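Asker: Provided below are the primary sequence and the corresponding predicted coordinates.
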Amino acid sequence: MSTLLSIRDLSVRYRRDGAAALKGVSVDVESGERLAIIGESGSGKSTLALAVAGLLARGAKVGGTIEWFGAHFQTPHSVTPPSIGGRDIGFVFQDPSSSLDPVMPVGKQIAEVARTHLDLSWRDSYAKAATLLERVRLPDPDATLRVYPHQLSGGQKQRVAIAAAIAAGPKLLIADEATSALDTIVQAEIVSLIRRLVAEDGMTLLFISHDIALAATLAERIAVLRQGELVELGDTDQILNAPRHAYTRALLDAHLGLDAKPLLDRQGAPA
Ligand SMILES: Nc1ncnc2c1ncn2[C@@H]1O[C@H](COP(=O)(O)OP(=O)(O)OP(=O)(O)O)[C@@H](O)[C@H]1O
Ligand code: NI
């Protein structure tokens, strides 16, 4: 496997006098893998996701390097990729309402991504948008092209946001708590949608979640953040069955305390 993204000693501070949101985080993201980043609220997960996508607030002080080996750049490209926000990285946020424009039909929003990044005509962009709506399993794609976000349910909006995120054929898909605002059944549907799209398009996935059990259903590897530091990184089976760090054990215990069913049996097969 080749490395898609190499993060080295990454530190982020939002305010000069404030605490660091990330402290010396290093991780390689392999091409085609599904990597989950987990940790409690405030542990720095979104900061890491935004740093990778080049979307951090302007005033943030960033140390360390992010090297990106995506095909659209001279390799390696240092710090943050320039064409982010569409072409090489697709980003799905927690709240689809905030990433969708409320006064623009959803078809246009998806078509615009394709048009901007793939240099397609409007006609071809709309055709692509219809195909994408079909791929995210929205009913009647041609009619759905013309609806506005408020006419859709939360889960359907998230499907539209995912369609827009992958419209330019990104190498890397980042889902930052993309299912956290949804109820359990819809959450499971969106997780399986992400799994299928990532497999079909050969994308690399960075799945950000505070939910270790949910992350484990999707990811091959799990990185655990705590107060801005990477405390553990390993294969999903190892993290679940033989966590090395006390904090990872605490996250697992907390989850097991809430849910009587074991996450995995001792052999590592899904329970
Ligand atoms: N724009 C910002 N300005 C100032 N501080 C920020 C900003 N965004 C995040 N922080 C701070 O940085 C730290 C890490 O936040 P971050 O949002 O990355 O955590 P998180 O793990 O994504 O949390 P959550 O699960 O709640 O989304 C927190 O202490 C947070 O208060
Ligand atoms: Ni977050």
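Answerer: On my side now, so go ahead. Ligands and ions are numbered 1, 2, ... in the order given.
Asker: C-alpha from now on. contacts and neighbour counts both.
Answerer: Will do.
Asker: doesn't residue 21 make contact with residue 14?
Answerer: Yes. Contact criterion CA atoms under 8 Å: residue 14 and residue 21 qualify, at 7.1 Å.
Asker: what segments of the chain are strands?
Answerer: Taking DSSP state E as the criterion, the chain carries its strands at 3-13, 20-30, 34-38, 61-68, 89-92, 172-176, 204-209, 221-226, 229-235.
Asker: tell me the strands beside the shortest one, with direction?
Answerer: Strand pairing for strand 89-92, determined by DSSP bridges: strand 172-176 (parallel).
Asker: give me the pLDDT for residue 267.
Answerer: Model confidence at residue 267, expressed as pLDDT, equals 45.
Asker: all further residue positions should be reported with the first residue as 38.
Answerer: Renumbered: residue one is now 38, and that last one reads residue 304.
Asker: got any ranges where the stretch 138-287 of the chain has weak pLDDT?
Answerer: Along the stretch 138-287 of the chain, the model assigns pLDDT under 70 to no residue.
Asker: want to throw the strands of the chain into a markdown table with mean neighbour count?
Answerer: Conversion of the strands of the chain to a markdown table gives the following (neighbours: other CA atoms under 10 Å):
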| stretch | mean neighbour count |
| --- | --- |
| strand 40-50 | 19 |
| strand 57-67 | 18 |
| strand 71-75 | 26 |
| strand 98-105 | 19 |
| strand 126-129 | 25 |
| strand 209-213 | 25 |
| strand 241-246 | 25 |
| strand 258-263 | 24 |
| strand 266-272 | 18 |
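Asker: looking at those strands, which is nearest to ligand 1?
Answerer: Closest approach to ligand 1 among the strands of the chain (CA to the nearest ligand atom): strand 57-67, 4.2 Å.
Asker: kindly export the closest one (C-alpha atoms) in PDB.
Answerer: Below are the C-alpha coordinates for strand 57-67, written out as PDB (Å, rounded to 0.1, in the frame of the first residue of the first chain):
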ATOM      1  CA  ALA A  57      -3.000  23.700  21.700                       C
ATOM      2  CA  ALA A  58      -5.900  21.900  20.000                       C
ATOM      3  CA  LEU A  59      -3.400  19.400  18.500                       C
ATOM      4  CA  LYS A  60       0.000  18.600  19.900                       C
ATOM      5  CA  GLY A  61       2.600  16.800  17.800                       C
ATOM      6  CA  VAL A  62       0.300  14.400  15.900                       C
ATOM      7  CA  SER A  63       2.000  12.100  13.400                       C
ATOM      8  CA  VAL A  64       0.100   9.600  11.300                       C
ATOM      9  CA  ASP A  65       0.400   8.200   7.800                       C
ATOM     10  CA  VAL A  66      -2.900   7.600   5.900                       C
ATOM     11  CA  GLU A  67      -2.500   4.700   3.400                       C
END
